[in-house]
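> Sequence first, then the predicted structure, then my questions.
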Amino acid sequence: MTFSHPGQDEWGRVKSRLKAELGEDVFTSWFNRVDLERCCNGTVHLSVPTRFLKNWLQGRYRDRLMLLCRDEFETEAVSNIEFTVRGAAIRQISTPPVVEPQPGFDMRPITVSSRPTHRIADASPPQDYRASAGNGNDDGLTGSPLDQRYSFDTFVEGRSNNFALAAARKAADQRPGEQVGFNPLYVHAAVGLGKTHLLQAIAHAARASGRRVVYLTAEHFMYRFVAALKSQSAIAFKENLRAIDLLLIDDLQFLQGKQIQQEFCHTLNSLIDNARQVVIAADRLPVELEALDERVKSRLAGGLLVDILEPDYDMRRKILAGRVAAALKNYPTLSLNEAVLDYVAYNVTSSGRDLDGAVNRLVQQNQLTGEAITVEMAEVALRDLLRGKEPKRVRIEDIQRIVSKHYNVSKADLLSARRTRTVVRPRQIAMYLSKQMTPRSLPEIGRRFGNRDHTTVLHAVRKIEEMVNADRALHDELENLKRQIDT
């Protein structure tokens, strides 16, 4: 018997149940890019964009998906689920066959492909660029793919990232066996501000000096660990991983699972205790990663925590200059005058990726329509990227950072149990602003301030509200802080 095509309603209900069970972060990481292709002969056919995602879902979520599909696809009994990689047939024609990595997890130093890369017209890598730019040898998995363009030479330095860049260069320059001055190095920043670029630049530089380097995303670490457990090669996995000189983990916020986090903590301790450098990147501070094991948080907090802030105007102009120079190699007659670049740098403020997108959009609109690139054209073409189109999304960590700087107290003090007046008042103000400027609930704000009870936050909010009504100077001070946070 054959299914009639069920449309997307049934699959939509499956995804809704998965999101409710797993939470927004886990669902987005694993299932957001899974598409229903068809249902026939009792088999649900799902497609995914990468082989890695296919293997991970087959190994970890296949049974749960089977149960949910059986519940929702009621017209026929579901007996099987098949995963396919979208576009796999095309890639097989155009590229040499890739030998599948073996479960033993070959941890030899990263080998970067020496194959020439294609010149590209825009500033962003093509969809499959990272997959082809990493390992030159396909006889074993040495880590997540590396992009050859992500080097220290191509990293644009500014006031918002110079400390992080200096720390990254220091980590890359450590010699094997040399006592590390800070370990681990933990880089945190919002999306699109250069964390991955910085980690891969460290990997390239350290490998060039002869060090044994492994760069992994948190997803890749989880996949390799689960594969090692299934193949009963977990001991070899651990020994190989702990024998390297430099471990780089990207997107730590996606590290899930108690057993995996425990093994990661053991690996972290082993490498640090043996003077092996560890560098980690995430979108938040360790204390703000609620799903992370407390022992891992504590170990990470003992290293050097550095942040990358949104680029200022001067840095945005530098980034734009580099993107335009790259575009001119492909379009020699392209013309972007200084007024257009000033306009883009002033208005597109959130991240380097948005600047990439702005240049790409202007270039392609010019090439496809022949319209000259002017400020008026940019106003229309970039309307969804322009500052002021939507209010800035304020994060609690931004509020904490600005309040700490304004009142000359450390962020650690804000999160501590200290009750001195010099700490209590800034802490209450930060809680008040968090309630005013973010959609977070009182319990969530309390967790972000050292796991405090929601009643503590409520007391702080009411206290500051009373003081603002009676103290004009405090009112003006809070308005100044709001402007700094919104900038």
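All right, it came through fine. Keep in mind the model is a prediction, meaning the values are calculated, not measured. Numbering: from 1, shown residues only.
> Excluding residues flanking it in the chain, which one is nearest Ile249?
Ile280 (4.8 Å; Cβ to Cβ, 6 or more residues apart in numbering). Any C-beta I mention is one placed from the backbone N, CA and C, and that applies to glycine too.
> Bridged to that neighbour, which residues?
Ile280 has the following beta-bridge partners by DSSP bridges: Tyr186, Ile249.
> residues contacting it?
Taking Cβ atoms under 8 Å, 6 or more residues apart in numbering as the definition of contact, the neighbours of Ile280 are Pro184, Leu185, Tyr186, Val187, Leu248, Ile249, Asp250, Leu252, Leu300.
> Buried by neighbour count, from these: which ones?
Under a neighbour-count criterion of 16 or more other Cβ atoms under 10 Å, the subset of these counted as buried comprises Pro184, Leu185, Tyr186, Val187, Leu248, Ile249, Asp250, Leu252, Leu300.
> Strands of the stretch 101-250 of the chain, residue ranges please.
Ranges of strands within the stretch 101-250 of the chain are 185-189, 213-217, 246-250, based on DSSP state E, counting those that start in this stretch.
> Can you check which of the ones you listed gets nearest to Glu379?
Set against Glu379 and scored by Cβ to Cβ, the strands of the stretch 101-250 of the chain come closest in strand 185-189, at 29.0 Å.
> just how off-centre is that closest one within its chain?
A distance of 11 Å separates the centroid of the chain from that of strand 185-189, by Cα atoms, centre = their mean, to the nearest Å.
> other SSEs contacting that strand?
Taking 3 or more Cβ pairs under 8 Å, 6 or more residues apart in numbering; DSSP states H and E as the contact definition, the neighbouring helices and strands of strand 185-189 are helix 162-173, helix 195-208, strand 277-282, strand 304-308.
> mind showing which ranges of the stretch 101-250 of the chain have poor pLDDT?
101-143, 176-177, 179-180 (pLDDT under 70).
> do the same with the stretch 301-450 of the chain
In the prediction, the stretch 301-450 of the chain carries residues with pLDDT under 70 at positions 386-392.
> Of all the helices and strands packed on strand 185-189, which one is nearest Arg323?
Each of the helices and strands packed on strand 185-189 has some distance to Arg323 by Cβ to Cβ; the shortest is helix 195-208, at 13.7 Å.
> Can you give the distance of the closest one from its chain's centre?
Relative to the mean C-alpha coordinate of its chain, helix 195-208 is positioned 16 Å out (Cα atoms, centre = their mean).
> Just the buried residues of it, please?
Judged by neighbour count using 16+ other Cβ under 10 Å, the buried positions of helix 195-208 are 195-207.
> counting contacts, what elements does that helix pack onto?
helix 162-173, strand 185-189, strand 213-217, strand 246-250, strand 277-282.
> was I right about Phe152 contacting Ala205?
Yes: counting by Cβ atoms under 8 Å, Phe152 does reach Ala205; the two are 6.2 Å apart.
> Adding distance to Ile402, write the helices and strands packed on helix 195-208 out as CSV.
Output for the helices and strands packed on helix 195-208, formatted as CSV (distance: least, Cβ to Cβ, whole Å):
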stretch, distance to Ile402
helix 162-173, 17
strand 185-189, 16
strand 213-217, 31
strand 246-250, 27
strand 277-282, 20
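> so which of the ones you listed comes closest to Ala358?
Taking Cβ to Cβ as the criterion, Ala358 comes closest to strand 185-189 out of the helices and strands packed on helix 195-208, the separation being 19.7 Å.
> could you dump the closest one to CSV, C-alpha only?
What follows is strand 185-189, C-alpha atoms only, in CSV (Å, rounded to 0.1, in the frame of the first residue of the first chain):
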residue,chain,number,x,y,z
LEU,A,185,41.0,30.9,26.4
TYR,A,186,37.3,31.4,26.2
VAL,A,187,36.0,33.8,23.5
HIS,A,188,32.4,34.9,23.6
ALA,A,189,30.4,37.1,21.3
